[in-house]
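A.B. asks: Sequence first, predicted coordinates after that:
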Amino acid sequence: MSEGNTAVMISEASALRPLAEIILGVLQDTGRRLEQSGFASFADFITKTCAEKPTAAHLVQKLVTAFPSLRDAADIGGQPVYLFKKAQLIAFDICQKFGKEDAMFAFSDIGDMTLFADNVVPAVVQHHGLIDPCSSIRAKITSGKELTLQETTAMRAASIVAAQLVVDCANGPTSEFKAGATPVNQATLDNFWWYEGKEPELRTIPRLVCKNTLYF
């Protein structure tokens, strides 16, 4: 150090700090709950849960019961709306990664998972004209303004309903669609729409903005 300099450094808080604090809080809470319940790790929790009953539904139910950060739901008009995006995605990823190697993870009901609705997929679904939000929500999305949790949940839930209509149409008795080796269900449709949303020509589509959520 040259003469006259000090070791004091000044930094400005990043705009991403609130997100980092949310992630840190989830990791700390998850670790604490695992430890209190006697699990050595999250993988230990997954393995023991799947050993009880090797289905995606059982794993999702156990995940959302054990970890508040996975209880992806909101009250809309006095009715609870359950999405459980991350819990379902965990089950889907485990099945995809390990299902062929271990029957314990080859969930027979994996095709029953809903769309893993985040902020990208509903925007793509809206872009294709499959959902049409009310004027107030549409204005917020177009201008990049933050949505409430209820508004975001409504858009995500609407994309799930739209996805099921597409799945039913593709798998219907009069459908001429040829699925090939990949089944047409909400999970596979989610993958298609999510990657489509990352294409350069669609990256400018306004996404849903809900900054304080930890659900997606």
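C.D. replies: Alright, I've got the coordinates. Because the structure is predicted, anything quoted here is derived from the model rather than measured.
A.B. asks: Against residue 16, how distant is residue 73?
C.D. replies: Per CB to CB, to the nearest Å, residue 73 is found 26 Å from residue 16. Just so you know, the C-beta spots here come from the backbone N, C-alpha and C atoms, and that holds for glycine as well.
A.B. asks: how about the longest helix seen in the chain: buried residues?
C.D. replies: Longest helix in the chain, counting residues (DSSP state H): helix 149-170. By 16 or more other CB atoms under 10 Å, the buried positions in helix 149-170 come out as 151-160, 162-163, 166-167, 170.
A.B. asks: For it, give the mean pLDDT please.
C.D. replies: Per-region confidence: helix 149-170 scores 95 on mean pLDDT.
A.B. asks: quick one, phi psi at the most centrally placed residue in the chain?
C.D. replies: By CA atoms, centre = their mean, the mean C-alpha position of the chain lies nearest to residue 85, the distance being 3.6 Å. For residue 85, the backbone dihedrals (degrees, to the nearest 10) come out as phi -60, psi -50.
A.B. asks: more neighbours, residue 73 and residue 16?
C.D. replies: residue 73 (14 against 9; other CB atoms under 10 Å).
A.B. asks: Burial check on residue 94, number of neighbours?
C.D. replies: Residue 94 is flanked by 22 other residues according to other CB under 10 Å.
A.B. asks: Which of the helices or strands spans it?
C.D. replies: helix 85-98 (DSSP states H and E).
A.B. asks: Counting by contacts, list what whichever helix or strand comes after that helix packs against.
C.D. replies: Toward the C-terminus, helix 85-98 is succeeded by helix 121-127 as the next helix or strand (DSSP H and E). Helices and strands touching helix 121-127, by 3 or more CB pairs under 8 Å, 6 or more residues apart in numbering; DSSP states H and E, are helix 149-170, helix 186-197.
A.B. asks: try 10 Å
C.D. replies: The elements that helix 121-127 packs onto, with contact taken as 3 or more CB pairs under 10 Å, 6 or more residues apart in numbering; DSSP states H and E, are helix 135-143, helix 149-170, helix 186-197.
A.B. asks: Which of those helices sits closest to residue 40?
C.D. replies: For residue 40, the closest of the helices and strands packed on helix 121-127 is helix 186-197, at 29.2 Å, according to CB to CB.
A.B. asks: Out of the helices and strands packed on helix 121-127, which is closest to residue 47?
C.D. replies: When those are compared (using CB to CB), the closest one is helix 186-197, at 21.9 Å.
A.B. asks: what comes up buried for the closest one?
C.D. replies: For helix 186-197, by 16+ other CB under 10 Å, it's 186, 187, 188, 189, 190, 193, 194, 197.
A.B. asks: Out of those residues, the closest to residue 36 would be?
C.D. replies: Scanning the buried residues of helix 186-197 for proximity to residue 36, where the rule is CB to CB, the winner is residue 187, at 31.9 Å.
A.B. asks: List the contacts of the residue nearest to the closest one when sequence neighbours are not counted.
C.D. replies: Excluding its sequence neighbours, the residue lying closest to residue 187 (CB to CB, 6 or more residues apart in numbering) is residue 113, at 4.7 Å. Residues near residue 113 by CB atoms under 10 Å, 6 or more residues apart in numbering: 56-57, 60, 84-85, 87-89, 91-92, 95, 107, 185-188, 190.
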